[in-house]
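Undergrad: got a predicted structure plus its sequence, pasted below:
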Amino acid sequence: MQTEILKIHDPEKDIAALKRAAEFIRDEEVVAFPTETVYGLGANAWSAGAALKVFAAKGRPADNPLIVHICDMAQLDEICTGMPEMAKKLAAAFWPGPLTMVLAKKQTIPSEVTAGLDTVAVRFPAHPVAHALIKEAGVPIAAPSANLSGKPSPTIFSHVRDDMMGRVAAIIDGPGAEIGVESTVVSFEDDNVRLLRPGGITPEDIHDCLGCEVIIDRAVTGKIDDTEKVSSPGMKYRHYAPSCPLTVVDAPIDSFISYVKHHSDGKKVGILCFDGEENLFPGYEVLTFGNEGDAASQANALFTAIRDLDQKHPDLIFAREAEAGGVGIAVRNRLHKAAGFAIIRPNKI
Ligand code: TXA
Ligand code: MG
């Protein structure tokens, strides 16, 4: 398939490219577009055929539903019914933004979009290009992250080009994602909120807004067996993974270095460490993912670092443990999933 590259940095100036992208969406073709979290692979959310094209382009298992992206609250009424009070409060506080809510679905959304579930995940993105595209298309846009299934989500145009060239009708070349990890996904049960995937909106943010308990789904912090039933289908798949094994070594820098030296024997070893630590690993393939102690900078850099390190084809990778707290819960979740939850604590043995 021929893939058009459409440059849209300012949707108010790059109007011809925006109209072209919107036309593809209306025509039930797939368009990759930037959001503030990661790039998405967008399709007309009213079209079962367009959704199937997204699954094919991504190589995504058919049981993993898509998020429907909206550009105003009126669109929400066309998609879901009976919005809980808690959802209304979260929407008022965090939309537009990196929050996805699982709500009861209307029949209007094809079951191909929601992988047969009677709920639909909805997000109102804040990115100006995403917003302009949904508005110009005149339809909500169903979109997963724009990576090939299993790879780290794309945060810049070149990642999307590497994964999707020849597989989709168009890719928007726009400003990179500011946050760098995918949106927070929540569902509602009785008087509580369940965190299905951590992201830019933190459990603390949700607790402060609603005053209720935020239950952290066990798929966020641990490995889920392929055969187990999960609240959010996407959480059971190995994700974000480089081609070689990745191990998180949870230790201060000195113990990290000594652990790595004792476990490198003749192999080509990749290191994921923090900015400023590059020179501590002579002879290794080293990439950094943000500043120690700064979860937001780690979120922003992690997926690019994993992709770039993977291209150097190491035999194995050792990574520093990501920051805890705030958006750190999202960074740790992605890093631990990339490691298949292989985490070593050398000081604590
Ligand atoms: O930041 C984001 O959320 C990005 C951008 C493009 O908006 N999108 C994204 O989509 O990360 P995706 O498909 O890669 O991840 C969606 C997650 C998956 O884990 C999926 O299983 C879950 O949301 N999900 C979607 N619909 C659901 C539903 N009805 N119930 C429970 N989980 C759902
Ligand atoms: Mg994804």
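TA: Structure's in. What do you need? Numbering: from 1, shown residues only. Ligands and ions are numbered 1, 2, ... in the order given.

Undergrad: give the burial count for residue 312, as a bare number.
TA: 13 (other C-beta atoms under 10 Å). Glycine gets a C-beta too; all of them are placed from N, C-alpha and C.

Undergrad: quick one, what contacts it?
TA: By C-beta atoms under 8 Å, 6 or more residues apart in numbering, the contact set of residue 312 is 270, 285.

Undergrad: and it, its phi and psi?
TA: Taking degrees, to the nearest 10, you get phi -90, psi 0 for the backbone angles of residue 312.

Undergrad: residue ranges with poor pLDDT in the chain?
TA: Under the criterion pLDDT under 70, the flagged ranges of the chain are 226, 235-239, 348-349.

Undergrad: please redo it, this time with the cut-off set to 50
TA: Within the chain, no range satisfies pLDDT under 50.

Undergrad: which bits of it sit near ligand 1?
TA: 35, 37-38, 40, 64-67, 100, 102, 114, 117, 119-121, 123, 143-145, 182-183, 185, 196-197, 232-235 (C-beta under 6 Å from any ligand atom).

Undergrad: out of these, which end up buried?
TA: Among these, those that count as buried by neighbour count (16 or more other C-beta atoms under 10 Å) are 35, 37-38, 40, 64-67, 100, 102, 114, 119-121, 123, 143-145, 182-183, 185, 196-197, 232-235.

Undergrad: just the ones of those in strands?
TA: Among these, the members found in strands (DSSP state E) are 40, 67, 100, 102, 119-121, 123, 143, 185, 196-197.

Undergrad: of the residues you listed, closest to residue 289?
TA: Relative to residue 289, the closest of those is residue 197; by C-beta to C-beta it sits at 19.2 Å.

Undergrad: farthest-separated two in the ones in strands among the buried ones among the residues of the chain next to ligand 1?
TA: So, these by C-beta to C-beta: farthest apart are 40 and 119, at 19.3 Å.

Undergrad: now the strands for the stretch 151-300 of the chain?
TA: 170-173, 184-189, 192-197, 214-216, 246-249, 269-273, 285-288 (DSSP state E, counting those that start in this stretch).

Undergrad: what's the last one in contact with?
TA: In other words, strand 285-288. Residues contacting strand 285-288 (C-beta under 8 Å, 6+ apart): 268-278, 301, 305-306, 308-309, 312, 314.

Undergrad: returning to that earlier point: need the strands of the stretch 151-300 of the chain in CSV (columns: distance to residue 51).
TA: Listed next are the strands of the stretch 151-300 of the chain as CSV, based on distance: least, C-beta to C-beta, whole Å:
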stretch, distance to residue 51
strand 170-173, 17
strand 184-189, 18
strand 192-197, 20
strand 214-216, 30
strand 246-249, 32
strand 269-273, 35
strand 285-288, 35
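
Undergrad: out of the ones you listed, nearest to residue 15?
TA: strand 170-173 (13.4 Å).

Undergrad: next one: the closest one to chain centre, how far?
TA: Its chain's C-alpha centre and that of strand 170-173 lie 18 Å apart, by C-alpha atoms, centre = their mean, to the nearest Å.

Undergrad: again, but for stretch 21-33
TA: 21 Å.

Undergrad: in that stretch, what's buried?
TA: Buried residues in stretch 21-33, counted by 16+ other C-beta under 10 Å: 21-22, 24-25, 28-33.

Undergrad: from the residues you listed, which land in strands?
TA: Taking DSSP E, the ones among the buried residues of stretch 21-33 that sit in strands are 31-33.

Undergrad: so what would you say the end-to-end distance of stretch 274-282 is?
TA: Stretch 274-282 stretches 15 Å from its first residue to its last (C-alpha to C-alpha, to the nearest Å).
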